[in-house]
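Visitor: return atomic coordinates for the entry below.
(chains A, B, C and D)
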There are 2 protein chains.
Amino acid sequence: MLKLTKKADYGLMALKYLAEHPEKAALSAKDVADAYGIPAQLLAKILQLLTKHGLLRSHAGMNGGYALARDAREISAYEVIHAIDGPFFITSCTKGAKNCDLTPSCTIKEPLARVNDTIAGVLKSISIQDLAEHEQPAHRPHAPQGLVALTL
Amino acid sequence: MLKLTKKADYGLMALKYLAEHPEKAALSAKDVADAYGIPAQLLAKILQLLTKHGLLRSHAGMNGGYALARDAREISAYEVIHAIDGPFFITSCTKGAKNCDLTPSCTIKEPLARVNDTIAGVLKSISIQDLAEHEQPAHRPHAPQGLVALTL
DNA sequence: GAAAACCCGACATAAATGGTCGTATACTGA
DNA sequence: TCAGTATACGACCATTTATGTCGGGTTTTC
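Guide: Numbers count the residues shown, from 1 in each chain, chains lettered A, B, ... in the order given. Presented below is the predicted three-dimensional model:
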C-alpha cells in the first residue's frame, strides 16, 4: 500500500521533537515516547538505529539521552526512513539482486524504477526542519529551492 | 518499505500484456498467468478486481477473457494500484479517519501528505501504454508531456 | 555504588500478504 | 441441450512482515 511503517513514523516524529527542543542538550527515549504516547522500548530501539546511522548522538547516564547529530536542516526524511526501514524499492524485483527468478517477468520495473527515484528525490528534499515548522503557509514566499522536476 | 504489493505488480504486468496484444479480442487469466509464470487463480482474482473497477471488460465462455476497457493511454498506473491495494497513504494516520487516537501525535502528517500527493501525481502520469513501450530511449525526444513539477 | 540512561539480542504477538480450494454462474459452439 | 471454457466470489490457510515486549548488560553521573 505504499505506506511508511510505524517505526519510520515514530522516528520522524522523534527527530522533529528533538528539533523543536534545541534548548535541551539531550532528551531521553522515554521523554519523547511519553510526549507522543509511543511504546518507550520500541522508540528506544529506533533511536538506537538512528544513532548507529549517524543521525543522532547519544549519551548515557543521568541527564543523558539523544540529540541531533547535525542541524535539523541537514537531516532529510529520506535518511531517516532509509536508516529505519532499509533501502526501499517500489517494485518487488529490482535489478541488482537475482530476483525475477526464472520467468522473464517484470518488464514493468524499468518505468517504475524512475518513480522510485522520484520518490527518493522528494524525500531527500524534505528536512527535519521542514517537519518541525509545519505551520508554514501553503505558499512558499522565497524561491522554489525544494523544486523537483521529473520527466517520465 | 514503501513498496508495491505483488498483486499490484501482477496487475500492472497483466494490463501491460493486454496492451501489447491488441490483436486479440480478449485474453484469459490463464493466458496471462502462463505468460509470466504467475499463479493463475491469484491473477484471476486481481483481474476480477480490475474489472469491477472498470479498468477491464470481461467476457465469460469460450474465447472469452479480459480486455482493456479503455485505451492503454487512458489507464494510469495509479488507477491500477488504487483498484488493487486500495487508497494508500504514506502516513499511517491521515486526516479523514479518526486515527491519531488520543495522543496529539502525528504532527508529521501534514508535510508528508504533500509527499503523498506527489507520489500519486507521478503514478497518475504513468499510463499502461508507457509500461508497454518500455524500450524507449532514456531521452524523450518530443516535449515533456509527462512532466511533473512539485515545490515542497 | 546507586540511579539513570543507553545498548542489544531474543522472543511473542498481531496483521498483512500471498496463495489455494470449492463452487456457482455465464457464455459458446457442436 | 450438453460439454467445455471461462469468469465470479467467498472461505480458508500459510507465510512473511511488522509491531511490541522482556531481560540482561554497559556507560555515565552524582
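
Visitor: what's the end-to-end length of stretch A:49-68?
Guide: From its first residue to its last, stretch A:49-68 covers 13 Å (CA to CA, to the nearest Å).

Visitor: what does chain A put close to DNA strand D?
Guide: Counting by CB under 7 Å from any atom of the strand, the residues of chain A close to DNA strand D are A:5-7, A:39, A:41-42, A:45, A:59-64, A:85. Every residue, glycine included, has its C-beta placed from N, CA and C.

Visitor: can you lay out those residues as a markdown table showing distance to chain B?
Guide: Output for the residues of chain A next to DNA strand D, formatted as a markdown table (distance: CB to the nearest CB, whole Å):
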| residue | distance to chain B |
| --- | --- |
| A:T5 | 7 |
| A:K6 | 6 |
| A:K7 | 10 |
| A:P39 | 12 |
| A:Q41 | 17 |
| A:L42 | 14 |
| A:K45 | 17 |
| A:H59 | 25 |
| A:A60 | 27 |
| A:G61 | 29 |
| A:M62 | 27 |
| A:N63 | 25 |
| A:G64 | 25 |
| A:D85 | 5 |
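
Visitor: which of these fall within helices?
Guide: A:K6, A:K7, A:Q41, A:L42, A:K45, A:D85 (DSSP state H).

Visitor: would you write a ChimeraX line that selects the buried entries of those residues?
Guide: The command below creates a ChimeraX selection of those among those that count as buried (16 or more other CB atoms under 10 Å in any protein chain shown):
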select /A:7,85
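
Visitor: in contact with A:I84, which residues?
Guide: Residues near A:I84 by CB atoms under 8 Å, 6 or more residues apart in numbering or on different chains: A:T5, A:K7, A:A8, A:G11, A:I46, A:L49, A:L50.

Visitor: residues contacting A:A26?
Guide: With CB under 8 Å, 6+ apart as the criterion, the residues that contact A:A26 are A:H59, A:N63, A:G64, A:G65, A:Y66, A:A67.

Visitor: so how far is B:N63 from the nearest residue to the third one once chain neighbours are set aside?
Guide: Counting by CB to CB, 6 or more residues apart in numbering or on different chains, A:G64 lies nearest to A:A26, which is 5.9 Å off, once chain neighbours are set aside. As defined by CB to CB, to the nearest Å, A:A26 lies at a distance of 71 Å from B:N63.

Visitor: picking up where we left off before, quick one: the residue nearest to A:G64 from A:R70, how far?
Guide: Shown here: A:A26 relative to A:R70, a distance of 15 Å by CB to CB.

Visitor: and the gap between A:L50 and B:H82?
Guide: For A:L50, the distance to B:H82 (CB to CB) stands at 33 Å.

Visitor: quick one: which of those two has more around it?
Guide: Between A:L50 and B:H82, counted using other CB atoms under 10 Å in any protein chain shown, the more crowded position is A:L50 (24 against 18).

Visitor: contacting residues around that one?
Guide: By CB under 8 Å, 6+ apart, the contact list for A:L50 reads A:G11, A:A14, A:L15, A:L56, A:Y66, A:V80, A:A83, A:I84.

Visitor: mean confidence score for whatever helix or strand it lives in?
Guide: According to DSSP states H and E, A:L50 maps onto helix A:40-52. In this model, helix A:40-52 carries a mean pLDDT of 98.

Visitor: give the contact list for the residue nearest to A:I81 when sequence neighbours are not counted.
Guide: Distances taken as CB to CB, 6+ apart put A:A8 closest to A:I81, at 4.8 Å, once the chain neighbours are dropped. Contact analysis of A:A8 by CB under 8 Å, 6+ apart lists A:V80, A:I81, A:I84, A:D85.

Visitor: how much space separates the second one from B:E74?
Guide: Shown here: A:I81 relative to B:E74, a distance of 33 Å by CB to CB.

Visitor: between the two, tell me which one has more neighbours.
Guide: In terms of neighbours (other CB under 10 Å), A:I81 is the more surrounded of A:I81 and B:E74; the figures are 24 against 13.

Visitor: could you pull out the strands for chain A?
Guide: When secondary structure is read from DSSP state E, chain A shows strands at A:56-59, A:65-68, A:147-151.

Visitor: I'd say A:V80 and A:L56 touch.
Guide: No: at 10.0 Å, A:V80 and A:L56 do not qualify as touching, with contact defined as CB atoms under 8 Å.

Visitor: what do those two both touch?
Guide: A:L15, A:L50.

Visitor: spit out the contact partners of the most centrally placed residue in chain A.
Guide: Centroid check for chain A by CA atoms, centre = their mean gives A:V80 as the closest residue, at 2.7 Å. The contact partners of A:V80, taken as CB under 8 Å, 6+ apart, are A:A8, A:G11, A:L12, A:L15, A:L50, A:L55, A:I128.
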